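> Give me coordinates for this.
(chains A and B)
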Amino acid sequence: MINFSIALSGLRVAQQAIEMIGTNISNAATEGYHRQDLTISPVANNLVGLVPLGGAEVTAVRRSMDATVEQEMVRQQTLQGAWTQQSSALKTIESILGTLDSSGLNQALGGFYQAIRELAGQADSGPLREQVVQSADTLAGQFRTVSGFLANLEDHLTFEAGEQVRKINDLTSQIAALNRDIADASNRGGSPNLLLDRRDQAIQELAGLADIAVEGRNDPSGQVSIVAWGIAVVTHTYSTNLEASLVDDQKLGIGVEGSGFFQDHFRGGSLGEVLALKNEALPGIRGGLDTLARQVMTSFNQQHAQGVGQDGPFTELTGVPKDDGAIAGWGDGVTAGDFYVRVTDASDGSVTRSRIHVTPAADTLATVAARIDALTGLSATVNDGTLSVRADHGFTFDFLPAPDAEPTTQSITGTARAAVSGAYTGAANQGFSFRAVGGGEVGVSSGLHLEVRAGDGNLVKTLNVGLGYAAGDPLDAGDGLWVSLTRGTLNAGDAFTVEALSNADTSGFLAAAGLNTFFSGSSAMDMMVRPEYLSQSRRLACSQTPGGMDNGNIARLSALADAPRGALGHQTPVEFFSRFLTGVGQSVSTTGAKLENAQDVMQQLNIQRDRISGVDVNQEAAKLLVFERMYQGLAKFLDTENQSLKYLMDMT
Amino acid sequence: MSGLSAIYDITMMTLLRQGRDMARLMEQGAGGLRVIRASDDPADAYAILNYQAQAASLAAYGKNIDQVSQQLTQASGVLQSFTDGLSRIQQLASQGASGTYSQDQRTAIAEEIDSQLETLVSQANGQYMGRSLFAGSSAGRAAYEVDRQGGRIVDVRYVGSLQANRVPIAPGVEQSPELVGARVFASDSRQAPAFDGTTGLRAGAGTSSIRGDAWLTVSHDTTTYGGTTGIAAGAGSAGGDTIVGDSHVLRLDATAHTVALDDGTVVAFGAGSTNLELRNAAGEVAYVDLSSLDGALTGQATVQIHATAKASLDDGATCTVLDFSANQAVRDGRTGQVLYVDSSGLQRIGVEPVKVPGTYDLFRSLVNIRDLLLNSRNLSPRQQADQLNQSLPELKEVTAGVTTAMTTVGGRLQAMDRLKQSLEDLSGSAGDQAAALQDVDVAQLAIDLSRNQTFYQMTLASTSKLLSLSLLDYLTQ
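Residues are numbered from 1 along each chain as shown, chains lettered A, B, ... in the order given. Purely as a prediction, here's the structure:
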């Protein structure tokens, strides 16, 4: 009956082969499926003479795969996961920052400075004042919107990290379970190929989420271990869950669940990129945005504080809430310096300018308030951290840099007296000194001159105040300052000084404390136009004279648009934002290119993998024909054998 | 031939990419822009943003130039009206100064000048869009305020600012849209004061600060008599003496009891002559008290007289006793300004017309000319004609000032026209550069779109062909 055995073995092989072809075709579209091929070997059942006779048997079911390609796919999957995550987030950020022509932050910033520039041309124009206020409100709103979106994105990334950790934990659990099933199948002598495919698919998916290393692919048990960022997340049949959490400094960290220890520097895979975005990229972008917002606010406020609106000097000003500790702790960039308060007595029009020195390390809001309070005609209080300055009845105050009508110091032994007028146009604060040369009667004596020296001691001008000078006529002392002398005498060496201010607040205190400031807030998130300006644009401090009708301050405010600032990398605000926006665009472009590259590589690997492991239905159909014919042949063989035996039986 | 998965993967990836490319081309075509987001072309996007910012900045400067130009054009028109008005006033003043007109006719001329003055003050307070043209940086208020008496303007005071706003009209370039009336309608090239009266006063050595025209009133102060003759000033001396200086003498004949002032009429006196009026040949008067004449005196005697004077620039409100020195300051109590006088040659009291060339104020000159025509100081016809004639150069001086201002404004307008053209060129260039970088090349876009469409169709066709070719089809036959 040896011949029946031969046929039977062949039929069994053909049957298995047809089933395997069916399995392959069934999974032709299954992602991650590796084509399976049978290894068929001859079996010698008997020797007829010296000729071995026998059938065939399936000695192995082999997965068609290339380990190198598979490993590279895992690596590329990690990269692709990272770039996909980064590209998606950056594109979202870019879209909220606006296109080049939309009404985004770029347009709002440019529109704000443009409105100021136009107002500088018509400082008394109500509609243009309104336009500045509205464009500032739009700008602040854009900053808040973008910053709020970025904050939401950070929250979303924290949530996303949790979701991805949950997926990782699911996958590692699956892989551990599949390890167990594979080992069981192998131990039972069965083929674990389908399980291996499922596990490989899970590993591939895991690689997209985390930077993993797969160990033990060649282990006889068929079990693998997986390490993610140095953490053994799968060890044969055991898995370790991960956990995502915010650490103390609000950075996002990953650690072993329940360990309480988190690391924020993991990179690779989409989760690694979530960490990178949350811990580095987004804070960087928000930091840039906050820097820009602070610079726009601070520079505007510092200049605005030194002007007056159409109503002129103030009777009352209220600041913004501040810490009650040392000013240095405010973080508003207040430096050691001075600010100047001018108090006008309405009864006689006299103006007294007082200098108040601020030492941020030693001073608090209360100590500065006390100094203001000590000035005649003013009272200053601090309530709930907010500084309020109020003028006594019959007094007004301002922080204008306008020169005092009288020299700062006078050392004149003669009978003439000096007076100052004009508006200082120099770039820096400095004290001009005037000294009489010659001596004699003003407007009468020949050779009576005044030497004018700048703060550095250099001679600026020599003015004739003797014969030829009409007492009381203003003389151009340079940089917008004019001096005049009353009739009388000057002795040689008589002198006086004039403190010329370009900046009436070198400390930055006024802007930080919110006295006569336009914007409130300390970052892009809380940047606002103070409500009093939204309702009364006439309060916009365009002027640098008490009359409130000149454009001195708005002209200086308009110059801010073209002023590079150190904190902005020596760029103007518009330039900074252009670079900021194109920087984000560059990141989007670069990440997009990397992602496309990773996708291309992945596609090539997929093609290569499909060449090796994919199912070609035509190929399987051809094989099917072979095994069908084999089956038919063996059936014929059996029939022949059966017929032969029947003939034999019939003979008996 | 790879498996179905490979074909599927390639097809999906290719279709996805081609679809994305076509969507992008369509977006570019719809908006007409090649660079929409910064990521489309970061380097070009940066350049585009810079060009856009530059164009916007230049556009804002352009608006400022328009604003300043329009305001200056308005001011220029007003100045033109001023020169027309001043031309007419010069004509009227010349007629009034000719001496051929009666006072009534001069009064009629004065009325017309007064009317012109009202018009000019009104024009000097002209506004452009609510902003004063000639008030400097105090553009929100009138440039001039007037004082009136009996409805007539008696003074015109500049109340604007001496500073002008500086409007940015280009990077680093500023221009003033308004003019400072105090500089446009007043001269500032002070010369030595000219005294036109008969008092004998002259300009002192010091530099006077009074401006324009002034009337220096010199009046008698005190009279004292030399020696120990017992002669004293009479009761009427303080208000009635008209002699000043040391050049006068009293010629006394104690024996004949007669007395004469200088070479004047000889008058008899007696013990009761306490306030004897003496008049010299020039008509100058001295009141003397001879009641205490020294009885020991006999015969003829010549008594030296010392008569002091005081001077006032504000019609007696503030007086300065003259000390007969070469340089003495006389202060105007209303303005604080001073006039340095040389009183060493003072001879008589009177009203001294003083003119300070190079310091004239247009409106005060007109007030002065009108008042001269009205003869509000009761000048003699000759004095009136002289003063009017001497006022004509004032008019020329202030007219020249206005003409100069017109020229300056015209120069500014021309410069701004050129600047605006330049800015428009720059702005256009920046806009063109931005558009060149940002705008889509329509022809290229059409080609790209067509090519992508073809590839898309090819992908679909080849995939369809490949997937339709199957051995199974043949097996089933």
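> use CA for all of it now, contacts and neighbours both
OK.
> Sketch out the low-pLDDT regions of the chain for me.
You didn't say which chain, so I picked chain A. The model of chain A has pLDDT under 70 over residues A:1-2, A:102-103, A:652.
> that's the other chain; I wanted chain B
Looking along chain B with the criterion set at pLDDT under 70, you get B:1-5, B:475-477.
> In it, what residue spans correspond to helices?
B:4-31, B:42-97, B:103-124, B:181-184, B:237-240, B:362-374, B:381-438, B:442-468, B:471-475 (DSSP state H).
> out of these, which comes closest to residue B:194?
Closest to residue B:194 of these is helix B:381-438 (CA to CA; 10.5 Å).
> Now mean neighbour count and distance to chain A too, for the helices of chain B, in TSV please.
TSV is the format used below for those (neighbours: other CA atoms under 10 Å in any protein chain shown; distance: least, CA to the nearest CA, whole Å):
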stretch	mean neighbour count	distance to chain A
helix B:4-31	16	5
helix B:42-97	21	5
helix B:103-124	18	18
helix B:181-184	21	13
helix B:237-240	18	31
helix B:362-374	24	19
helix B:381-438	18	9
helix B:442-468	14	10
helix B:471-475	11	5
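> So for residue A:350, which of the ones you listed sits nearest?
Of the helices of chain B, the one closest to residue A:350 (CA to CA) turns out to be helix B:181-184, at 24.3 Å.
> who touches that closest one?
Applying CA atoms under 8 Å, 6 or more residues apart in numbering or on different chains, the contact partners of helix B:181-184 are B:124, B:134-136, B:143, B:158, B:160, B:162, B:401-402, B:405.
> The stretch 101-250 of chain B against chain A: which residues are in contact?
B:131, B:137-140, B:162-168, B:205-209 (CA under 8 Å from any CA of the partner chain).
> which ones among the residues you listed are found in strands?
B:131, B:167-168 (DSSP state E).
> quick one, what contacts the residue in the stretch 51-200 of chain B that chain A sits nearest to?
Proximity of the stretch 51-200 of chain B to chain A (CA to the nearest CA) peaks at residue B:137, 4.7 Å away. Taking CA under 8 Å, 6+ apart, we find residue B:137 in contact with A:549-551, B:160-165, B:178.
> Export those residues as TSV, with columns for distance to residue A:523.
Listed next are the contacts of residue B:137 as TSV, based on distance: CA to CA, whole Å:
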residue	distance to residue A:523
A:549	32
A:550	32
A:551	29
B:160	42
B:161	40
B:162	42
B:163	38
B:164	37
B:165	34
B:178	40
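> By neighbours, which of those residues wins?
residue A:550 (30 neighbours; other CA atoms under 10 Å in any protein chain shown).
> pretty sure it contacts residue B:139?
Yes: between residue A:550 and residue B:139 there is a contact under CA atoms under 8 Å: 7.2 Å.
> Briefly note if the biggest helix by length in chain A comes near chain B.
In chain A, with assignment by DSSP H, the single longest helix is helix A:126-187. No: Helix A:126-187 lies apart from chain B when judged by CA under 8 Å from any CA; the minimum separation is 11.0 Å.
> Quick check: next helix or strand after that helix?
As assigned by DSSP states H and E, the chain's next helix or strand after helix A:126-187 is helix A:193-209.
> Contacts for that next one, please.
A:31-34, A:36, A:62-63, A:73-75, A:77-82, A:164, A:168, A:171-172, A:174-175, A:178-179, A:181-182, A:212, A:268-272.
> tell me the angle that helix makes with helix A:126-187.
Per axes from the mean of the first three to the mean of the last three CA atoms, to 10 degrees, the angle that helix A:193-209 makes with helix A:126-187 is 150 degrees.
> Name the residues of helix A:193-209 that come out as buried.
Residues A:193, A:195-209 are the ones in helix A:193-209 that count as buried (16 or more other CA atoms under 10 Å in any protein chain shown).
> So which bits of the stretch 1-150 of chain A are right by chain B?
Checking the stretch 1-150 of chain A against chain B by CA under 8 Å from any CA, the hits are A:28-29, A:94-95, A:98-101, A:110, A:114-115, A:117-118, A:120-122, A:124.
> Apply 6 Å and report the result again.
A:99-100, A:118, A:121 (CA under 6 Å from any CA of the partner chain).
> Relative to residue A:445, which of those is nearest.
Set against residue A:445, the nearest of those by CA to CA is residue A:121 (45.3 Å).
> got a list of what that closest one touches?
Contact analysis of residue A:121 by CA atoms under 6 Å, 6 or more residues apart in numbering or on different chains lists B:64, B:167.
> give me that answer again for 8 Å
Counted by CA under 8 Å, 6+ apart, residue A:121 has contacts A:551, B:64, B:67-68, B:167-168.
> coming back round to it: just the buried ones from the contacts of helix A:193-209?
For the contacts of helix A:193-209, a burial check counting by 16+ other CA under 10 Å picks out A:32-34, A:36, A:63, A:73-75, A:77-82, A:164, A:168, A:171-172, A:174-175, A:178-179, A:181-182, A:212, A:268-272.
> Give me the three-state assignment for residue A:255.
Following DSSP: H, G, I helix; E, B strand; the rest coil, residue A:255 is assigned to strand.
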